[in-house]
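Engineer: fold the following for me, if possible:
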Amino acid sequence: MDWRALHLFRGEPRGAGFYGACLEYGEALWERGLAARAMLCLDRALGADLRGDEPALRDWPLPYRAMAWFLAHTPPEVFIGNPRYHFQHLADRMNEPRREQRRWRAWACWALARVVRPEFAADPKHVVVEPTFDAIAAALTADGIAGESELWRMVFSEARKASV
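Structural biologist: Predicted coordinates:
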């Protein structure tokens, strides 16, 4: 599997098919040792235009748990960049479509990165108000799909327990 799996959706609605392809391609990249690129595929999956009732979501829930797992299991010698920087910039510079939904999903991943990989510092040159746990959860409730906030809270709780 390669980049062409996602290129098929160029110019098309990026719904459930795109979502599934992002997850599959992300797994393929992870298996090849390309952790940073695999995480970017999860980013793209989180940007898919989903209503919440798609069958794909029953089989593959939004990839917050996969993101936390990738963060926790990337070997030290494998390039991952600074996920905290990445999500901070992504959230603060998000554009349409579904700007708020996608923005808060990036903040949700940023919060996971802070818990799972606390050694990564924030970008001191990028001044931004970092949201609280409660603000992220409330925004996912308001702008996410049904059950998204609860899923993220559960993954965040699991990640916090695992990192203690």
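
Engineer: show me where this protein has strands.
Structural biologist: With DSSP state E applied, the chain shows no strands anywhere along its length.

Engineer: how much space between the residue nearest to the spatial centre of it and His126?
Structural biologist: Centroid-nearest residue in the chain, with CA atoms, centre = their mean: Asp43, separated by 4.4 Å. Per CB to CB, to the nearest Å, Asp43 is found 18 Å from His126. Using the backbone N, CA and C atoms, a C-beta is placed for each residue, glycine as well.

Engineer: now do Asp53
Structural biologist: As it turns out, when the distance is counted by CB to CB, Asp53 lies 37 Å from His126.

Engineer: repeat for Ala68
Structural biologist: 23 Å.

Engineer: what does Met1 give?
Structural biologist: According to CB to CB, Met1 and His126 sit 34 Å apart.

Engineer: again, but for Tyr64
Structural biologist: Tyr64 is 23 Å from His126, where distance means CB to CB.

Engineer: same check, this time on Phe133
Structural biologist: When CB to CB is the yardstick, Phe133 and His126 sit 21 Å from each other.

Engineer: low-confidence regions, the chain specifically.
Structural biologist: When the per-residue scores of the chain are filtered using pLDDT under 70, the ranges that remain are 164.

Engineer: all helices for it, in order.
Structural biologist: Taking DSSP state H, the helices of the chain run over residues 4-7, 16-31, 35-46, 55-59, 64-73, 83-92, 99-116, 133-143, 148-162.

Engineer: burial-wise, tell me which of those comes out on top.
Structural biologist: Using mean count of other CB atoms under 10 Å, the stretch among the helices of the chain with the largest mean neighbour count is helix 99-116, at a mean of 23.

Engineer: please determine how far the residue of the chain most remote from its centre is located from Tyr25.
Structural biologist: Computed with CA atoms, centre = their mean, the maximum C-alpha offset from the centroid of the chain is found at Lys125, amounting to 22.9 Å. Plainly put, Lys125 is 32 Å away from Tyr25 if you go by CB to CB.
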